[in-house]
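Visitor: Build me a model from this:
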Amino acid sequence: MIIGYCRINTFEPAARLEAQKLYLARLGAENYFCEKTSIFGSTPELERAIEFARKGDVIAVTKPYRVARTTREVLSLIERLGSKHVGLRIVDTPIDTSTTTGRMILASAPLWTLGMSPSRSMLSDLLLFWRRR
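Guide: Take a look at the predicted model:
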């Protein structure tokens with residue numbers, strides 16, 4: 001089963017959430033977990049999606065920054081899902097951890113190929129640095 005996870009930040013219009021949902025529906029998502037949260041907010045709906053997922057399922061997202069803020073968080077999520085035998089499909093990239101090719105691409109992909117521009121990546125790193133101070 002494909003499980004759709006949709007997330008927008010607090011500054012985005014609700015229409016973007018619906019757009020993500022429609023996009024994932026076209027890919028065959030049957031269940032959806034959607035939320036609106038700040039850049040540093042918690043993601044309870046993602047936790048619910050992970051809990052809901054069963055062996056052989058795939059959690060699909062449109063872009064990597066919808067599911068994690070850093071490459072490390074994406075890799076941690078993939079490891080966590082892998083322990084449940086659940087895949088992660090990042091639709092706007094060639095990454096699908098339920099396939100061998102997708103796992104290989106992920107292992108060699110720099111952050112910007114995961115959908116985050118170098119400038120956005122740098123801004124994200126700066127925000128995380130200042131938050132920790």
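Visitor: show me where pLDDT drops low in the chain?
Guide: 94, 103-133 (pLDDT under 70).
Visitor: ok, now how distant is the residue positioned nearest the centre of it from T93?
Guide: Nearest residue to the geometric centre of the chain (CA atoms, centre = their mean): V67, 2.7 Å. Going from V67 to T93 by CB to CB, to the nearest Å gives 12 Å. Placement of C-beta: from N, CA and C, glycine included.
Visitor: what does A68 give?
Guide: 13 Å.
Visitor: More neighbours: which of these two?
Guide: Neighbour count, other CB atoms under 10 Å: between A68 and T93, A68 has more, with 21 against 18.
Visitor: Skipping its backbone neighbours, what lies nearest that one in space?
Guide: Excluding its sequence neighbours, the residue lying closest to A68 (CB to CB, 6 or more residues apart in numbering) is V74, at 4.4 Å.
Visitor: Please apply the same query to L81.
Guide: L88 (5.5 Å).
Visitor: Just the residues contacting the helix or strand hosting the one you found, thanks.
Guide: Applying DSSP states H and E as the criterion places L88 in strand 87-90. Strand 87-90 has contacts (CB atoms under 8 Å, 6 or more residues apart in numbering) with 2, 57-64, 67, 74, 77-78, 81, 95-99, 102, 114-115.
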